[in-house]
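> predicted structure and sequence below. I'll ask about it afterward.
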Amino acid sequence: MNTSLVAESFLRHEPADGTTAHLVSIQRDPERAAAVAGTRGAVQLRYHSLQLVPVDLVDDLPGIWNALLDAVEGFLADGKAEVPYPTLEAQIRLERTGNLTRFTAGKVRHIVDAGELVDGILGGAQAYFGFAPDAGQAAIGRIEELRTRAAEAGLCA
């Protein structure tokens, strides 16, 4: 499926020289991101011109992606899901309303196409866990399983 949802993963770089911490994109600067120590970071999901997940929700990056996978799994099973961020007081919610889905991350809420949302989240998770396989090798198998379930539900190609 050609998705209008773009997923981007960022690692938080805290320079040793005391300069301001900043986020480094795994997609746009993979070499620099590979040199960043730790797993604190953020996920940004953009759907057309809408920002679904604000990049300021910085948390454990593998934990964020696993929470998004948990949300997709619950959504595929029940048509709705609510999962917490790893350590922040923020929730990820998905709720089906016909072919559309209400997606909430923290305080940001938008209505999006269910297939594009699921396909984009699975693609973003696969890109992240492919970049950082030590963060969750089991996640790759889980993503493939969710892709199969989503395809059976008519949500992914």
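Noted; the coordinates are in hand. Just so it is clear, the structure is predicted and the values come from calculations on it, not from any experiment.
> neighbours around the closest residue to Asn99 other than its chain neighbours, how many?
Distances taken as Cβ to Cβ, 6 or more residues apart in numbering put Ala114 closest to Asn99, at 6.0 Å, once the chain neighbours are dropped. Yep, even glycine has a C-beta here, placed from its N, CA and C like the rest. Using other Cβ atoms under 10 Å, Ala114 has 24 other residues around it.
> what do you get for Asp134?
8.
> need the pLDDT of it.
On pLDDT, Asp134 comes in at 79.
> over to Thr3?
Value for Thr3, per-residue pLDDT: 59.
> same check on the one 3 residues further on?
On the pLDDT scale, Val6 is placed at 93.
> what's the following helix or strand after the host helix or strand of it?
Using DSSP states H and E, the element containing Val6 is strand 5-13. The first helix or strand that comes after strand 5-13 along the chain, using DSSP H and E, is strand 22-25.
> direction included, what does that following strand pair against?
strand 5-13 (antiparallel) (DSSP bridges).
> can you report phi and psi for Gln91?
phi -120, psi 150 (degrees, to the nearest 10).
> ok, the residue nearest to Thr39 when sequence neighbours are not counted - how many residues close by?
Using Cβ to Cβ, 6+ apart and skipping the chain neighbours, the partner closest in space to Thr39 is Leu61 (5.0 Å). Leu61 has 23 neighbours, counted by other Cβ under 10 Å.
> returning to what we had before: list the buried residues in the strand holding Val6.
Leu5, Ala7, Glu8, Ser9, Phe10, Leu11, Arg12, His13 (16 or more other Cβ atoms under 10 Å).
> is it possible to get a markdown table of these that adds distance to Arg102?
Below are those laid out as a markdown table (distance: Cβ to Cβ, whole Å):
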| residue | distance to Arg102 |
| --- | --- |
| Leu5 | 15 |
| Ala7 | 19 |
| Glu8 | 22 |
| Ser9 | 24 |
| Phe10 | 25 |
| Leu11 | 29 |
| Arg12 | 29 |
| His13 | 34 |
